[in-house]
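Asks: Fold the following.
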Amino acid sequence: MHRGWGHWGGPWSGWQGMGGGRWGRFFAAGELRLALLSLLEDGPKHGYELMKTLESKTGGTYRASAGAVYPTLQQMEDEGLVTSEQRDGKRVYQITEAGRAECAQKAEAIKELWERASGSDDWRDFFGPHVASMAGPAAHVMKAAVRAAARSRDDPDKTARIFTILDQARRDLDAIP
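Replies: Presented below is the predicted three-dimensional model:
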């Protein structure tokens, strides 16, 4: 009996798509902004410190790039959610009252994204170049399963067969010592 996609678990269960980066986007649209705001609630931080904290809180499964973090911080500064100033040669960001209000308003979303991030910590030891090389073939299998599911939309027997094939593949892979 199929138990649903949640049965597969892992950090990918909340990720949006397989196209971005090695495994897809860790943060859905708008979540990086919420993550950064919530980190700034703990006190002022510079950009590199925020990037390292994001990596740490995700068990290393998300490595923030300057190309994602700094434009997001600039946008939040333009919107009055954070301020920044130069200190010891580094730009330090601090949350404003408007930023705190946004965090309070989106507290549930922030809680959910950090819960998902903490779950990814269980996967830290599995990531590396040898694993990254398998992302493409795994994505192809997933796409084939989705295509088959779309073709068998109204046929419960075909749908059950798809789940049986995927579950057998999972069991075969888990059996490899």
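Asks: CA only for contacts and neighbour counts going forward, please
Replies: OK.
Asks: Now do the same for residue 16: its pLDDT.
Replies: Looking at residue 16, its pLDDT reads 34.
Asks: now swap in the one 5 residues further on and tell me
Replies: As predicted, residue 21 sits at a pLDDT of 38.
Asks: repeat for residue 60
Replies: 72.
Asks: Next one: it from residue 53, what distance?
Replies: Distance, residue 60 to residue 53, by CA to CA, to the nearest Å: 10 Å.
Asks: can you check residue 141 too?
Replies: 33 Å.
Asks: Kindly report the same for residue 155.
Replies: 47 Å.
Asks: the more surrounded of the two?
Replies: residue 53 (18 against 10; other CA atoms under 10 Å).
Asks: Could you list the buried residues of the strand or helix carrying the more buried one?
Replies: According to DSSP states H and E, residue 53 maps onto helix 47-57. Under the neighbour-count criterion of 16 or more other CA atoms under 10 Å, helix 47-57 has 47-48, 50-57 buried.
Asks: again, but for stretch 86-97
Replies: Neighbour counts over stretch 86-97 (16+ other CA under 10 Å) mark 92-96 as buried.
Asks: Mind picking the one among those residues that's closest to residue 118?
Replies: The nearest member of those to residue 118, counting by CA to CA, is residue 95 at 23.2 Å.
Asks: Quick check, the closest one in contact with residue 79.
Replies: No: using CA atoms under 8 Å, residue 95 makes no contact with residue 79, being 11.5 Å away.
Asks: and the nearest residue in space to residue 34 that is not next to it in sequence, how far is that from residue 116?
Replies: Spatial nearest neighbour of residue 34, excluding adjacent residues (CA to CA, 6 or more residues apart in numbering): residue 110 at 6.3 Å. In this view, residue 110 and residue 116 are 10 Å apart by CA to CA.
Asks: Kindly report the same for residue 55.
Replies: 13 Å.
Asks: hmm, back to that, okay, the buried residues of stretch 86-97 in CSV with secondary structure next?
Replies: As requested, the buried residues of stretch 86-97 are exported to CSV (DSSP: H, G, I helix; E, B strand; the rest coil):
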residue, secondary structure
92, strand
93, strand
94, strand
95, strand
96, coil
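Asks: which residues in the protein form helices?
Replies: Taking DSSP state H as the test, the helices found in the chain are 31-40, 47-57, 66-78, 97-105, 107-120, 129-132, 135-151, 156-174.
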